[in-house]
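Asks: Kindly return the folded structure for what I paste below:
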Amino acid sequence: MMKPTSLFFALAVGATTVLSAAVPGWAPPGLGDVRGPCPMLNTLANHGFLPHTGKGISLDNAINALDTALNIDSSFAKFLFNKALTTNPTPNATTIDLNMLSRHNILEHDASISRQDAYFGPADVFDEAVFNQTLTYFTGDIITMQMASNARVVRLLTSNLTNPEYEMSVDGEFFSLGETVAYVAVLGDKKSMTVPKNYVEYFFRNQRLPYELGFSRMTERLTQQELFTLAYQLSDLESFPQSPGNVFASNKPNVTDFQNGVIPSFSGGSKKRAEKKRIEEKRSEKGTSGGCPYGFA
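Replies: Coordinates of the predicted model:
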């Protein structure tokens with residue numbers, strides 16, 4: 001039965017709420033269950049689309065969950081799962097546990113719109129202060145791509161300026177863009193690239209799909225090519241007073257590369273790593289040692 005507060009909230013925003021046997025159940029993680037830094041994968045486990053334990057997730061589990069819950073293309077699901085496998089420290093592993101995704105700077109990255117940087121503490125739990133900053137840039141009841149872009153840019157800048165160890169892996173930079181595109185397209189309308197603000201708040205705060213507010217599975221499949229095309233569009237909307245890493249800004253890849261699972265070198269975090277390496281090499285030539293005192297402007 002819907003809680004009175006949820007019913008009031010749904011009616012207040014004019015949502016059409018349908019509760020039936022078709023709406024999946026939901027339960028928070030229990031004793032011994034694990035979750036990670038990805039709100040959507042946590043959500044799929046909470047709903048039972050993925051194993052509720054969050055452990056031993058296979059390729060078939062991932063493909064079925066992303067298809068059944070969200071209508072994501074199987075080849076795209078396979079691409080994402082293979083990336084997730086890189087976080088499993090066991091050689092030749094074929095499954096993942098959600099908490100493995102918390103290994104910093106592989107896929108988990110700084111400047112999340114709902115989690116603090118790993119430098120400040122656990123990066124795999126919802127952070128109210130961080131998300132409140134994000135919400136500041138959702139300036140209407142319907143979130144547009146520009147609003148989503150603005151929120152991401154501000155989180156990148158904030159992280160860059162406050163975290164002395166701010167850095168992003170190449171995959172982290174790509175996933176940061178993809179995550180923003182995904183919550184708009186999957187929870188909202190991928191054609192107009194808009195999403196109700198209350199859907200997004202409900203999703204991030206509860207790690208639960210907003211069925212109670214009127215959410216339903218996409219009617220058309222989301223493909224890998226579509227997401228990358230949308231990521232291009234998102235990057236074109238970004239404007240930095242200083243650049244902590246405008247993904248795709250200087251090296252826009254072609255769709256064929258993406259279809260083949262190739263993620264290009266990006267600007268930003270990768271440039272910082274290159275600069276660190278250059279400084280360390282100069283130190284080595286001079287016979288010096290120690291950490292690199294690389295600062296952030």
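Asks: ok, which stretches of the stretch 51-200 of the chain are strands?
Replies: 142-143, 195-196 (DSSP state E, counting those that start in this stretch).
Asks: mind putting these in a markdown table, mean neighbour count included?
Replies: For the C-beta atoms, the positions are set from N, CA and C on the backbone; glycine is no exception. Below are the strands of the stretch 51-200 of the chain laid out as a markdown table (neighbours: other Cβ atoms under 10 Å):
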| stretch | mean neighbour count |
| --- | --- |
| strand 142-143 | 20 |
| strand 195-196 | 23 |
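Asks: can you redo these as TSV with distance to Ser114?
Replies: Formatted as TSV, the strands of the stretch 51-200 of the chain follow (distance: least, Cβ to Cβ, whole Å):
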stretch	distance to Ser114
strand 142-143	14
strand 195-196	15
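Asks: can you redo those as CSV with mean pLDDT?
Replies: Output for those, formatted as CSV (pLDDT from 0 to 100):
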stretch, mean pLDDT
strand 142-143, 98
strand 195-196, 98
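Asks: closest to Gly56 out of those?
Replies: Of all these, strand 195-196 sits nearest to Gly56, with 31.9 Å by Cβ to Cβ.
Asks: List the neighbouring strands of that closest one plus their orientation.
Replies: strand 142-143 (antiparallel) (DSSP bridges).
Asks: Show me where the chain has its helices.
Replies: 4-12, 39-47, 59-70, 74-85, 128-135, 145-162, 170-187, 197-206, 224-236, 255-259, 269-286 (DSSP state H).
Asks: Least confident of those, on average?
Replies: Within these, confidence is poorest for helix 4-12, with a mean of 34 (mean pLDDT).
Asks: Need phi/psi at the residue nearest to Arg208 when sequence neighbours are not counted.
Replies: Leaving aside its sequence neighbours, Arg208 sits nearest to Trp26 (Cβ to Cβ, 6 or more residues apart in numbering; 5.4 Å). Main-chain torsions, Trp26, degrees, to the nearest 10: phi -150, psi 140.
Asks: if I look at the most centrally placed residue in the chain, how far off is Val23?
Replies: Geometric centre of the chain, nearest residue: Glu179, 3.4 Å, by Cα atoms, centre = their mean. For Glu179, the distance to Val23 equals 25 Å [Cβ to Cβ, to the nearest Å].
Asks: Equivalent analysis for Leu234, please.
Replies: 31 Å.
Asks: more crowded one of the two?
Replies: Using other Cβ atoms under 10 Å as the criterion, Leu234 and Val23 rank with Leu234 on top: 22 against 15.
Asks: Quick check: the more buried one vs Thr87, distance?
Replies: 24 Å.
Asks: Kindly report the same for Pro37.
Replies: 10 Å.
Asks: of these two, who's got more company?
Replies: A side-by-side neighbour count of Pro37 and Thr87, using other Cβ under 10 Å, places Pro37 first with 23 against 19.
Asks: got a pLDDT number for the closest residue to Glu226 other than its chain neighbours?
Replies: Nearest residue to Glu226, sequence neighbours excluded (Cβ to Cβ, 6+ apart): Lys190, at 7.1 Å. Per-residue confidence (pLDDT) for Lys190: 94.
Asks: cool, and the one 4 residues further on?
Replies: What the model reports for Thr194 is a pLDDT of 98.
Asks: I'd assumed Thr144 was in contact with it.
Replies: Yes. The criterion here is Cβ atoms under 8 Å, and Thr194 meets it with Thr144 at 5.5 Å.
Asks: picking that back up, need the overlap of contacts for Pro37 and Thr87.
Replies: 101, 108 (Cβ atoms under 8 Å, 6 or more residues apart in numbering).
Asks: and the closest residue to Ala151 other than its chain neighbours, what is it in contact with?
Replies: What sits nearest to Ala151 in space, not counting adjacent residues and going by Cβ to Cβ, 6+ apart, is Tyr137, at 4.0 Å. Residues counted as contacts of Tyr137 (Cβ under 8 Å, 6+ apart) are 147, 150-151, 154.
Asks: ok so, going back, how much space separates the residue nearest to the centre of the chain from Ser112?
Replies: Plainly put, Glu179 is 8 Å away from Ser112 if you go by Cβ to Cβ.
Asks: Repeat that for Thr162.
Replies: 13 Å.
Asks: cool, and Gln146?
Replies: In terms of Cβ to Cβ, Gln146 sits 20 Å off from Ser112.
Asks: The two: who's more crowded?
Replies: Set Gln146 next to Ser112 and count neighbours by other Cβ under 10 Å: Ser112 wins out with 25 against 14.
Asks: could you give the mean pLDDT of stretch 103-116?
Replies: 94.
Asks: So which bits of that stretch are buried?
Replies: Neighbour-count burial for stretch 103-116, counted by 16 or more other Cβ atoms under 10 Å, picks out 103-104, 106-116.
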